[in-house]
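Chemist: Kindly return the folded structure for what I paste below:
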Amino acid sequence: MARRGGGALTASPVLVGAVTVLITIVAVFLAYNANSGLPFVPTYDLKANLPNADQLVEGFEVRVGGARVGVISDLEPKQREDGSTYAQVTMKLDKEIEPVPVDSTLIVRPRSAIGLKYIQLTPGTSRTGFKPGAVVPIRQARPAPVELDQVLNMFDARTRVGSRKSLSGYGGGLAGRGEGINTAIQELRPLLGNLEPVARNLAAPETRLDRLFRALGDAAGEVAPVAEEQASLFVNLDTSFTALASIARPFLQETITEAPRTEEVAIRDFPRQRPFLRNNTALFRELRPGVATLPRSAPIVADAFEAGSETLPKTVPVNEDLADVFDALQEFSDDPLARQGIDQLTRLASSLRPTLRFLTPTQTVCNYATLWFRNVASHLSDGDPNGTWQFIQNVSAPTGPAPTFELGPNNESGPSAAPANGPQNFNHLHFNPYPNTAAPGQTRECEAGNEDYIVGRTVIGNVPGNQGTRTEGQGRPTAPRLASAP
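Modeler: The predicted structure is shown next:
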C-alpha cells in the first residue's frame, strides 16, 4: 500500500488565518507602544523636576541636538513644604547616551505651532553621570520659552485692528512698486556695508548699549503718566500741520529755500552789528536817568506838545521869512571877512574855555544861573498895589534903647573908616564878595545864599565849614542858621 505525502503549511486555511491574526496583533501592539519605546528593548531611565510641565503629555519626545533619544513615560505633580508646586517627568532614554553628565540642562520647547512640545536635553561636560533612576534637579531646568499664544495674547483688540489696517495700508502702498522696491534693495547694499562697523561698535561691551535700553525703559515710565497729554499734543500737531498744509506751497517752500542764504547773511552781518548793539546799550543806559524823570516831566511835555500843535501851524510864514534869512546868511558866510570873524570867534571861544570851565559848576552844581533869572523875572513882575518889588529903599541900622541895638564904631548905617567890628553883638560886618560855587580849585560847596549868620563875630569872605551843594531847585534849600560867637 502506498504512503501518502505530508500536506503544505499554506494548505490549511485555518493555520494561515491564525498566523495572520497573530501578526496583526503584534503589529498593533508594537504601534500602540511605539511612543513609549519598543518592548523588550532596554532603556536608561531618568527623572527630571521642571518648574512647569504645561502641555507635556506621555509619549512626547526627548531630544539631544535635534535627534530623538527617548520619550516621556510619566508625569507627576509635586508639592513643596511651602505649598508651591512643580512637575516631575520620567524619561525613557536610549542606552547609547548613558550616562548623562550631572551638569546637563534641559528645557521644554515647542515642536510645532499647534501645541506639540518636546524636552531638549543639553549634555554637560562633567565626567560624572546620572545613575539610572536619578533625578535631574530643578535648578538645571531652564525657564520655559515664550509660547506663541503668549506672544499673540500681547495684542489686544485695538492693536489687532491697528495691525490689520497697517498691513492693508502697506499692501496698498507697496502694490505696483516692485521696481522701486528692487532699486531700494539694491541701494541697501552699500548701506549695509557701512552699517557693519557701526553695528560692531554698538555690539562692543565698551559701548554699554544695554544702558540705553534701560534708560529708554525709565523714560517710558516717566512718560506713561502723561500719555493723555502726549496724545493731545499729537492731536494739536495734526491741527497745526493741517493749517500749515494750506500755505506749504509756495510760502513754506520759499522759506526753507531761502533759509540757508539767510543764515549765511546772518553769520556774516551779525558780528558787524555788535558795535551798534553795544553803543545802543550804552545809550539806553545813559538815558535811564532821563527816563526816570518822565513820570514828573511827562505832563509838562504833554502841555508843550499841546501848545506846539497850536503854535507850529502859525510858524509857516515865519519859516518862509527864515528862508530869506538863511539866504542872507549863506551870502554872509561866503564873504572872506566873515570867515576872518569866525576865526576870531573861534579864538575867543578858546580863550573863554578856562573861564567857562570855571563857571560851569555855578549852574550844573549850584543851579545859580536859573535862580538868578527866576529872581530877576519875579523882581520885575511881582509886587503889591504900590508897584513891583523894584524899589530902592534905604534900610537903616537898628536903633533903640536896648543895649544890643546901640550903634557902635564904624556902624553900617553910615560912612565908616573900617568894617564894623563890635563891640555890640549886631554891630559886626558880614560880607562874602567871592563865595564858593564848586568851581575848580574851590571847596565843593554852594556857599552863596547858604552862609551861616554868625552873631557877635565879623566875617568877611568865606564862612567856616562846608555849606553843602543843595540850593532851591535841586532839593530842600538850606535854611539860614544863627551861630553864636565862640
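Chemist: low-confidence ranges in this protein?
Modeler: 1-12, 14-16, 26-41, 113-115, 143-151, 389-407, 473-486 (pLDDT under 70).
Chemist: Kindly list the longest helix within it.
Modeler: Ranked by residue count under DSSP state H, the longest helix found in the chain is helix 253-292.
Chemist: helix or strand right after that one?
Modeler: helix 294-311 (DSSP states H and E).
Chemist: now the angle between helix 253-292 and that following helix, please.
Modeler: 100 degrees (axes from the mean of the first three to the mean of the last three C-alpha atoms, to 10 degrees).
Chemist: tell me what the longest helix of the chain is packed against?
Modeler: Under the contact criterion of 3 or more C-beta pairs under 8 Å, 6 or more residues apart in numbering; DSSP states H and E, helix 253-292 touches no helix or strand at all. In short, each C-beta sits where N, CA and C put it, glycine included.
Chemist: Off-centre distance for that helix?
Modeler: Its chain's C-alpha centre and that of helix 253-292 lie 23 Å apart, by C-alpha atoms, centre = their mean, to the nearest Å.
Chemist: Kindly export the lengthiest strand in the chain (C-alpha atoms) in PDB.
Modeler: Looking across the chain with DSSP state E, the single longest strand is strand 67-79. Taking C-alpha atoms only, strand 67-79 is exported to PDB below (Å, rounded to 0.1, in the frame of the first residue of the first chain):
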ATOM      1  CA  ALA A  67      17.700  63.800  17.400                       C
ATOM      2  CA  ARG A  68      15.300  61.700  19.300                       C
ATOM      3  CA  VAL A  69      16.900  59.900  22.200                       C
ATOM      4  CA  GLY A  70      13.900  58.900  24.300                       C
ATOM      5  CA  VAL A  71      10.300  59.600  25.300                       C
ATOM      6  CA  ILE A  72       8.400  60.800  28.300                       C
ATOM      7  CA  SER A  73       6.800  57.900  30.100                       C
ATOM      8  CA  ASP A  74       5.200  59.600  33.100                       C
ATOM      9  CA  LEU A  75       4.300  63.000  34.500                       C
ATOM     10  CA  GLU A  76       3.600  63.600  38.200                       C
ATOM     11  CA  PRO A  77       2.800  66.800  40.100                       C
ATOM     12  CA  LYS A  78       4.800  67.500  43.200                       C
ATOM     13  CA  GLN A  79       4.300  70.000  46.100                       C
END
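Chemist: Any buried residues in it, and which?
Modeler: The neighbour-count check on strand 67-79 (16 or more other C-beta atoms under 10 Å) flags 69-73 as buried.
Chemist: and which of those is nearest residue 309?
Modeler: Distance to residue 309 across the buried residues of strand 67-79 (C-beta to C-beta) is lowest for residue 72, with 109.3 Å.
Chemist: quick one: that closest one and residue 87 touch, right?
Modeler: No. Applying C-beta atoms under 8 Å as the test, residue 72 and residue 87 come out as separate, 10.7 Å apart.
Chemist: any common contacting residues for these two?
Modeler: residue 56 (C-beta atoms under 8 Å, 6 or more residues apart in numbering).
Chemist: re the thing from before, among the buried residues of strand 67-79, which pair sits farthest apart?
Modeler: Greatest spatial distance among the buried residues of strand 67-79 (C-beta to C-beta): 69 and 73, at 13.5 Å.
Chemist: ok, the helix or strand harbouring residue 121: who's next to it in the sheet?
Modeler: If you go by DSSP H and E, residue 121 is part of strand 117-122. Using DSSP bridges, the strands paired with strand 117-122 are strand 61-64 (parallel), strand 105-110 (antiparallel).
Chemist: looking at those, which is closest to residue 312?
Modeler: strand 105-110 (98.9 Å).
Chemist: chain center to stretch 64-76, what's the gap?
Modeler: Centre-to-centre, stretch 64-76 and its host chain are 63 Å apart (C-alpha atoms, centre = their mean).
Chemist: Apologies, that question was intended for stretch 357-373.
Modeler: Offset of stretch 357-373 from its chain centre (C-alpha atoms, centre = their mean): 54 Å.
Chemist: Give me the contacts around that stretch.
Modeler: Contacts of stretch 357-373 (C-beta under 8 Å, 6+ apart): 437-440, 444, 446, 448, 469, 471-474.
Chemist: now swap in stretch 95-108 and tell me
Modeler: Here stretch 95-108 makes contact (C-beta under 8 Å, 6+ apart) with 42-44, 46, 48, 50, 52-53, 56, 64, 69, 93, 117-132, 136, 140-145.
Chemist: cutoff 7 Å now
Modeler: Residues from elsewhere that reach stretch 95-108 (C-beta atoms under 7 Å, 6 or more residues apart in numbering): 42-44, 46, 48, 50, 56, 64, 69, 117, 119-126, 128-130, 136, 140-142, 144.
Chemist: With stretch 176-195 instead?
Modeler: Contacts of stretch 176-195 (C-beta under 7 Å, 6+ apart): residue 174.
Chemist: Could you rerun that using 10 Å?
Modeler: 174, 199, 202 (C-beta atoms under 10 Å, 6 or more residues apart in numbering).
Chemist: would you put the C-alpha positions of that stretch in PDB?
Modeler: The C-alpha coordinates for stretch 176-195 follow below in PDB (Å, rounded to 0.1, in the frame of the first residue of the first chain):
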ATOM      1  CA  GLY A 176       2.700  98.200  -8.100                       C
ATOM      2  CA  ARG A 177       6.000  99.500  -6.800                       C
ATOM      3  CA  GLY A 178       8.100  96.400  -7.300                       C
ATOM      4  CA  GLU A 179      10.700  98.200  -9.500                       C
ATOM      5  CA  GLY A 180      11.200 100.900  -6.800                       C
ATOM      6  CA  ILE A 181      11.500  98.200  -4.100                       C
ATOM      7  CA  ASN A 182      14.100  96.400  -6.100                       C
ATOM      8  CA  THR A 183      16.000  99.700  -6.600                       C
ATOM      9  CA  ALA A 184      15.800 100.300  -2.900                       C
ATOM     10  CA  ILE A 185      17.100  96.800  -2.000                       C
ATOM     11  CA  GLN A 186      20.000  97.300  -4.500                       C
ATOM     12  CA  GLU A 187      20.900 100.700  -2.800                       C
ATOM     13  CA  LEU A 188      20.800  99.000   0.600                       C
ATOM     14  CA  ARG A 189      24.000  97.000  -0.200                       C
ATOM     15  CA  PRO A 190      26.400  99.900   0.400                       C
ATOM     16  CA  LEU A 191      24.300 101.000   3.400                       C
ATOM     17  CA  LEU A 192      24.700  97.500   5.000                       C
ATOM     18  CA  GLY A 193      28.400  97.600   4.200                       C
ATOM     19  CA  ASN A 194      28.800 100.900   6.100                       C
ATOM     20  CA  LEU A 195      26.400  99.600   8.800                       C
END
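Chemist: Show me how far that stretch is from its chain's centre.
Modeler: The answer for stretch 176-195 is 40 Å, by C-alpha atoms, centre = their mean.
Chemist: Could I get the buried residue list for that stretch?
Modeler: Under 16+ other C-beta under 10 Å, stretch 176-195 has no buried positions.
Chemist: Just say which of the strands paired with strand 117-122 is most tucked in.
Modeler: strand 61-64 (a mean of 19; mean count of other C-beta atoms under 10 Å).
Chemist: which outside residues touch it?
Modeler: With contact meaning C-beta under 10 Å, 6+ apart, strand 61-64 is reached by 35, 46, 48, 67-73, 89, 91-94, 97, 100, 104, 106, 109, 111, 116-123.
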